[in-house]
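**Q** The following block contains a protein sequence and its predicted model.
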Amino acid sequence: MTIEAPRPILSEADLLRRFAAKHRVKTRRHIDGTVIIPGRLGHVYELDEEQLAVLLTLPSVRHWTFARARLIADGFAIVQNGDSEGCAAFCPSDVSQARAAIREAKIRPRRLCSAGQLASLKRFAFIAEERIQ
């Protein structure tokens, strides 16, 4: 008989925050107080302790029909199916599903600055401080 180690208790939205950090996207609090990853056509939220879901609110029935077909082909499970909107559950550790969710919800990843850009920003900030004094 093997004894399983107890699973660590995750704080609220810890799974979502780790997902956001890994994929360089920002989180925010929704109107109802839950943490989400906002996008132009929907958002990603924590469905349960092991799964995330993407909520899509699309402009027409046709858009949702084709988006739903793409999500099912990527291995998503449709949780809610409306006329022009719906929710699909996915495993956050599956990279292809994560990319598909980010793509379908039109979530923009944060940009990374190169060393040259950081040096340029520091140079301009120094000039601005010099002019103020």
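**A** Cool, the structure landed.
**Q** And stretch 22-39, what's buried?
**A** By 16 or more other C-beta atoms under 10 Å, the buried positions in stretch 22-39 come out as 23, 25, 27, 35-39. For glycine as for every other residue, the C-beta is placed from the backbone atoms N, C-alpha and C.
**Q** Run through the strands of this structure in chain order.
**A** Applying DSSP state E to the chain gives strands spanning 28-29, 35-38, 42-46, 52-57, 77-81, 85-90.
**Q** could I get those strands as a markdown table with distance to residue 63 and mean pLDDT?
**A** Converted to a markdown table, those look like this (distance: least, C-beta to C-beta, whole Å; pLDDT from 0 to 100):
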| stretch | distance to residue 63 | mean pLDDT |
| --- | --- | --- |
| strand 28-29 | 24 | 94 |
| strand 35-38 | 19 | 95 |
| strand 42-46 | 11 | 95 |
| strand 52-57 | 8 | 96 |
| strand 77-81 | 14 | 95 |
| strand 85-90 | 10 | 96 |
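**Q** Turn those into TSV, columns for distance to residue 109.
**A** Converted to TSV, those look like this (distance: least, C-beta to C-beta, whole Å):
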stretch	distance to residue 109
strand 28-29	15
strand 35-38	10
strand 42-46	12
strand 52-57	15
strand 77-81	24
strand 85-90	17
